[in-house]
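Peer 1: Sequence and predicted structure are below.
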Amino acid sequence: MRENSVQDVQSKKPAKNDVELPRLGFFGMLRWAWRQLTSMRTALFLLLLLAVAAVPGSIFPQRASNPSTVTQYLSDHPTSGPIMDWFKLFDVYSSPWFAAIYLLLFTSLVGCVLPRAKIHWKAMRSVPPRTPKRLSRLAEYGTVEIPAGSGVDADQAIKDAAAVLKSRRYRVDVRDLGSDRPSVGAEVGFLKEVGNLVFHISILGVLASVGFSGLAGYSGQRVVVEGDTFVNTLVGYDTFTPGAYFNSDRLSPYSVKLDKLVVKYDRESPGHYGQPIDFTASLTTKDGAGAPAKQQILKVNDPVSIGGTNIYLVGNGYAPVVTVKDGKGNIAFQGPVVTIPTDGAYTSLMVIKVPDAKPKELGFVGFFLPTALIDSKGVAYGSDPDPFNPQLNLNAYTGDLGLDNGVPRNVYTLDTSKMKQINGRDLRAGGIVLAPGQSYKLPEGNGTISFDGIKRFAALDIRHDPGQVYVLVFAVLALAGLMASLFLNRRRVWIRTGNHPDGRTMVEFGLLARGEDHRLAGEAAAIHKALHVKWVVPQAPQGEDGKQPSSHQGDTGTDAAVSSTVSSKDH
């Protein structure tokens, strides 16, 4: 037993070559997680993930901008629709998972940019690195010989070289003046990293501005028929989506009247005949109760700005003007009815609800055709979006519309579960078919319906984005920073001089780039030429390969004798 215990203890001892790693612990794990989150690789991955997460917002209808379409989608897809709704695919931009990606990306960028900005600030304030002992090993190398008797010694030559580099926007540091081998170190291209930082900081600014607009802004939709007026109040919207910090006091009390909506269709191209090519809405706006009226034009992608909001034209259609009289001869409904276009010929679904009709409530459902044609089976269909032969085709119902039980109802659908159909194509009374100016007497003494005329409607999207200007500013800064980081290069130059025993002043210089720089050879040639111009000495003629030929190292007996070389090294 004793021997077994000793063996067990010995077997538990770590082997001689094993490495015992320290335990991270709670704070160590947090530090590791923070470093992973704030790495540039994670930031790029989150940026890509955010772009992918936004894709469902452009594929599926969004409840914030088009709630009726979402309702119709759920009705058409009773199985998959609720599952998709549970995953917030109809509210992508306000979903928890999209917000989580957004906040993680914001945090990751902050953690990436701030330390890099601190390091770059220190690098900009520091002197260039020390001069290498052997400049000939650098990527670009050149030499210049100043003839004896020119009056330019090593110290003066290094000061002149520093002046040349300063003129080329280098940050210089002169060293070892008074010694046998004075030198100057220079750097340029700090704006490359500055541009990189500006780009990432601007991305942060864009994200923050978009978030600010989502919190302090609002959006709403309103359908306006020609001749009607929209007033910017909460009750004036069909749908309204406020931000988390929205206050109704921020609504500017302006008004917008739709005078006329003109749609221009292609009537020349056979392949695109009848397709819309221009939408023009003429508006009369008042920026306040006592403000003068102003005529403005609203077009697609050309919004009207008023009261701190932008008004966009996002849809249009027809609104037939209908008058319904009940069984007692009283007008129970009169006015335009907004329809829902379903195809390029503007075949439009239409629902009319008349809860004030007596003795029974009335409901109508059918479609409106701007240009009606009859097929071989006697069925009407739409053939053109312009109202060349407008026609109403309706079925009539009587009974309970279900508007008095407190349950919200869609104005574009008719619940016929508690109603009786009194008109229809398959019924004895037949369907209701009306042209402008015609009327129809409903069976069983339920009144009449008349088609009085046609108006157009415009679907408006009203948005207040307080961060919109900031998004533009940061987007421009991001573009400028990206261009700087792509087209600027970080370079270092060192120049060393020395006095030759025969009186000549020897100059050598070398260039090194940080990263790939295909223009480094051109910069070396430019510095080489600038040094010759500074000292007014001729530059040796170029060879067939475009480089300066090596000089002969013999005695130069005159001041005009000068030797210079420039060489490049492949790495």
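Peer 2: Now that the structure is in, tell me what you want to look at. Numbers count the residues shown, from 1 in each chain.
Peer 1: Sketch out the low-pLDDT regions of this structure for me.
Peer 2: Where the chain drops to pLDDT under 70, the residues are 1-21, 65, 68, 406, 537-571.
Peer 1: how near is Val113 to Lys260?
Peer 2: Separation of Val113 from Lys260 (C-beta to C-beta, to the nearest Å): 51 Å. (Glycine included, C-beta is placed from N, CA and C.)
Peer 1: more crowded one of these two?
Peer 2: Counted by other C-beta atoms under 10 Å, Val113 and Lys260 do not tie: Val113 has more neighbours, with 21 against 13.
Peer 1: From Leu313, how far out is the more buried one?
Peer 2: 39 Å.
Peer 1: Now Gly178: phi and psi?
Peer 2: phi 90, psi -10 (degrees, to the nearest 10).
Peer 1: show me what contacts it?
Peer 2: Listed by C-beta atoms under 8 Å, 6 or more residues apart in numbering, the contact set of Gly178 reads Asp155.
Peer 1: Look up how far Pro443 lies from it.
Peer 2: Taking C-beta to C-beta as the measure, Gly178 falls 116 Å from Pro443.
Peer 1: Show me what counts as buried in the helix or strand containing Ala480.
Peer 2: Ala480 belongs to helix 468-487 when assigned by DSSP states H and E. For helix 468-487, burial by neighbour count (16 or more other C-beta atoms under 10 Å) applies to 468, 470-471, 474, 477-478, 481-482, 484-485.
Peer 1: got it, and stretch 292-308?
Peer 2: 298, 303-304, 306-307.
Peer 1: That stretch: how far from the chain's middle?
Peer 2: 23 Å (C-alpha atoms, centre = their mean, to the nearest Å).
Peer 1: How far does that stretch stretch from one end to the other?
Peer 2: 17 Å (C-alpha to C-alpha, to the nearest Å).
Peer 1: Need the contact partners of that stretch.
Peer 2: The contact list for stretch 292-308, computed with C-beta under 8 Å, 6+ apart, reads 232, 250-254, 256, 278-287, 310-313, 458, 464, 466.
Peer 1: Whichever strand or helix holds Met84: what's the following helix or strand?
Peer 2: Per DSSP H and E, Met84 falls inside helix 80-86. As assigned by DSSP H and E, the chain's next helix or strand after helix 80-86 is helix 96-125.
Peer 1: That next one: which residues count as buried?
Peer 2: Applying 16+ other C-beta under 10 Å to helix 96-125 flags 98, 101-102, 104-113, 117 as buried.
Peer 1: Save those residues as a markdown table, and put in distance to Ala161 too.
Peer 2: What follows is those, written out as a markdown table (distance: C-beta to C-beta, whole Å):
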| residue | distance to Ala161 |
| --- | --- |
| Phe98 | 57 |
| Ile101 | 53 |
| Tyr102 | 52 |
| Leu104 | 51 |
| Leu105 | 47 |
| Phe106 | 47 |
| Thr107 | 47 |
| Ser108 | 45 |
| Leu109 | 42 |
| Val110 | 43 |
| Gly111 | 42 |
| Cys112 | 38 |
| Val113 | 37 |
| Ala117 | 32 |
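Peer 1: And stretch 254-262, what's buried?
Peer 2: Buried, per 16+ other C-beta under 10 Å, within stretch 254-262: 254-258, 261.
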